[in-house]
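> no sequence on hand, only this structure:
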């Protein structure tokens, strides 16, 4: 059983976490005209890198989204970063 | 190619096997070919064979970075079936089953295709309704299907869990009698031998490290054994399709996942066909040696690690012991994972990649083995003619732009 670290709750069992998406995609501005190809690329294209990956995950038990960096070959977790900004 | 026959077996038996030849040559790569296929798995080898056989294109090389069939072709659970829902996929996969039916004779190689039938069990009234829907869809597409009640399932697979305390009692199931299993290595080796006999160069231990482009058009590949030029390049690299796409400069709608499989110690015959319990996410068949071949769904996390993670092992094996409680004490012999290329609609991508001169055959996800003959046939058709075969047209990557997806996610009851 692998241990992932939630930036809010600490070290937890991997089954509590859910992979959501690759990090770094930006939704095109749909107020303007966008082509089918551009929209399809946003919806479906994946980097799917072999090696170091940066992804958005959810810790299902606390519901927080965060960035998880890991190695997609060895499955080693390289670090987690919260997406939430510091409260002012 | 010296043909295999009962007589040749007898003769070599008497001569101590001294007359057997290597099944294929191991030539040095030439400077150029009409078509270069990247990936010496089932799909790549079948493509090369049909290029030579159907289209007379024999200046073909298959480049494999490891050994033939060492990727997903050697890592799957060998089930062959065409129990799909949509007409496009039903036509595609049934074409494949039909080619499998004549494959051993066609290749002069025993691929051990055994049509022992496959049952997908249903575990509630609601699932029975979905089973009837599946069964009707298959029949409308001219594929054999039978809706079974619990007694009929029990007659075919008496070892399934029919106990009163079953967590998911069996209400019935869908049977496809023409489904079955084949020997996966033999499929790769049979295609390799037949393609080699037609003049195709099969080059192992030759890793593609780059794509040679001139004016944006793919004209060859850089390999660990030097550059090789090609009229066209066809890639059939399954789980590593995105790695190749990054190398060539196009993008793909693919996530790579580990798909695990398990084989038990050999036991007496206990499972007659292939049985899939959708409620449990586990399926099982028994090899001719007696080992139970067990599979399930994808791992939860995108991955290139060919071993798989423990939560899915627990789910699959827990599912198996609920499915057939008598198997709970059976020991496992081996366990492994293959890296499968999963598209958003769980259907393959065949045809242009986005880079001219480079075509792709990928996205088969967990269902690539059963589709090897069809994938090879249709990919060869596009490489040779420059246009789609009617069966592969719906599977062009353009569907992600037009929105005409062939969403077969639920085809086999588990992520497929």
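The structure has been received and is ready for your questions. Remember, predicted model here, so these are calculated numbers, not experimental data.

> quick one: distance of stretch B:325-345 to the chain centre.
Distance of stretch B:325-345 from the chain centroid (CA atoms, centre = their mean, to the nearest Å) equals 15 Å.

> just the strands in chain A please.
Taking DSSP state E, the strands of chain A run over residues A:3-6, A:10-13, A:17-22, A:52-59, A:64-71, A:77-82.

> any bit of the first one sitting next to chain B?
Think strand A:3-6. No: interface with chain B: strand A:3-6 contributes nothing (CB under 8 Å from any CB of the partner chain), its closest point being 9.9 Å away. Yep, even glycine has a C-beta here, placed from its N, CA and C like the rest.

> and the contacts of that strand?
A:11-14, A:16-17, A:57, A:59, A:62, A:64, A:66, A:68, A:77, A:80 (CB atoms under 8 Å, 6 or more residues apart in numbering or on different chains).

> for the most far-flung residue of chain A relative to its centre, give me the pLDDT.
The C-alpha centroid of chain A is most remote from residue A:33, which lies 27.8 Å away (CA atoms, centre = their mean). pLDDT, residue A:33: 91.

> look up the closest residue to the residue nearest the centre of chain B, ignoring the ones flanking it.
For chain B, the residue nearest the mean C-alpha position is residue B:369 (1.1 Å; CA atoms, centre = their mean). Nearest non-adjacent residue to residue B:369, counting by CB to CB, 6 or more residues apart in numbering or on different chains: residue B:76, 4.2 Å away.

> so the one you found, which state does it fall into?
coil (DSSP: H, G, I helix; E, B strand; the rest coil).

> what is the neighbour count of it?
By the criterion of other CB atoms under 10 Å in any protein chain shown, residue B:76 has 22 neighbours.

> so where is the chain shaky, pLDDT-wise?
Using chain A here. Along chain A, the model assigns pLDDT under 70 to residues A:86-88.

> should've been chain B
For chain B (pLDDT under 70), the answer is B:410-416.

> hang on, the earlier thing: near chain B, list only the ones from the contacts of strand A:3-6.
Answer for the contacts of strand A:3-6 near chain B (CB under 8 Å from any CB): residue A:14.

> list buried residues within the contacts of strand A:3-6.
A:12, A:14, A:17, A:57, A:59, A:64, A:66, A:68, A:80 (16 or more other CB atoms under 10 Å in any protein chain shown).

> biggest separation within the contacts of strand A:3-6, which pair?
A:62 and A:77 (17.4 Å; CB to CB).

> OK, contacts around residue B:213?
B:219, B:248-249, B:355.

> can you check residue B:399 too?
B:345, B:405-406.

> cool, residue B:4 as well?
B:108-110 are the contacts of residue B:4 under CB under 8 Å, 6+ apart.

> okay, helices next: where are they in chain B?
B:6-14, B:42-55, B:87-101, B:103-107, B:125-140, B:150-156, B:184-197, B:241-248, B:310-323, B:372-385, B:399-402 (DSSP state H).

> most tightly surrounded among the ones you listed?
Sort the helices of chain B by mean neighbour count, taking mean count of other CB atoms under 10 Å in any protein chain shown, and helix B:42-55 sits at the top with a mean of 28.

> tell me the angle of it relative to helix B:372-385?
Helix B:42-55 runs at 50 degrees relative to helix B:372-385, counting by axes from the mean of the first three to the mean of the last three CA atoms, to 10 degrees.
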